[in-house]
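J.: what follows is a protein structure lacking sequence information:
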């Protein structure tokens, strides 16, 4: 009876990520330059997207403030005894719906910004650890 082969010596083999990261038909330095350029372009694109989202949020915040001021003005005038017309009530209901919608949109935008930040932090950590392993700062 033959003795079974022991594979345990391969359980703790460490493979470096830089071997997987380099294409076999491209020289290493060119590959790293290409990866760096693509990372920089991706980061610029993400930064532009963040600026766009923040700009949209600022526009929404201005509109939210306008709506809140208007609703406060209407509530103060209705407490003073002015009669409410049907048109004003419809406007108030429409403004409240718009206010809720803007607040939901801003919450979604903020969540997207937070997710982008988390993703960026993870990618930075991975890049730094990869650079440390390859001594490629």
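T.: Everything's here; your move. Just so you know, these numbers come straight off a predicted model, no measurement behind them. Numbers count the residues shown, from 1 in each chain.

J.: which residue ranges of the chain form helices?
T.: 17-21, 28-79, 86-134 (DSSP state H).

J.: neighbours around residue 94, how many?
T.: Applying other CB atoms under 10 Å, we find 11 residues neighbouring residue 94. In short, each C-beta sits where N, CA and C put it, glycine included.

J.: which residue lies nearest the spatial centre of this protein?
T.: With distances taken as CA atoms, centre = their mean, residue 116 lies nearest the centre of the chain, 2.3 Å away.

J.: among the helices of the chain, which comes closest to residue 2?
T.: For these, the distance to residue 2 is smallest for helix 17-21, at 34.7 Å, taking CB to CB.

J.: least confident of the helices of the chain, on average?
T.: Lowest mean pLDDT of these: helix 17-21, a mean of 54.

J.: one step back: format the helices of the chain as TSV; extra columns: distance to residue 9.
T.: Listed next are the helices of the chain as TSV, based on distance: least, CB to CB, whole Å:
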stretch	distance to residue 9
helix 17-21	20
helix 28-79	30
helix 86-134	23
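
J.: closest one to residue 7 among those helices?
T.: For those, proximity to residue 7 was assessed by CB to CB; helix 17-21 is nearest, at 21.5 Å.

J.: ok so, going back, how about the contacts made by the residue nearest to the centre of the chain?
T.: Shown in contact with residue 116 (CB atoms under 8 Å, 6 or more residues apart in numbering): 46, 49-50.

J.: nearest to residue 27, of those?
T.: Checking the contacts of residue 116 against residue 27 with CB to CB, the nearest one is residue 46 at 28.7 Å.

J.: hmm, which of the contacts of residue 116 are the buried ones?
T.: Among the contacts of residue 116, none counts as buried by neighbour count (16 or more other CB atoms under 10 Å).

J.: right, and residue 64 touches residue 98 too?
T.: No: in terms of CB atoms under 8 Å, residue 64 does not count as a neighbour of residue 98; the distance is 9.0 Å.

J.: of the two, who's got more company?
T.: Neighbour comparison, residue 64 and residue 98: the larger count goes to residue 64, with 16 against 13 (by other CB under 10 Å).
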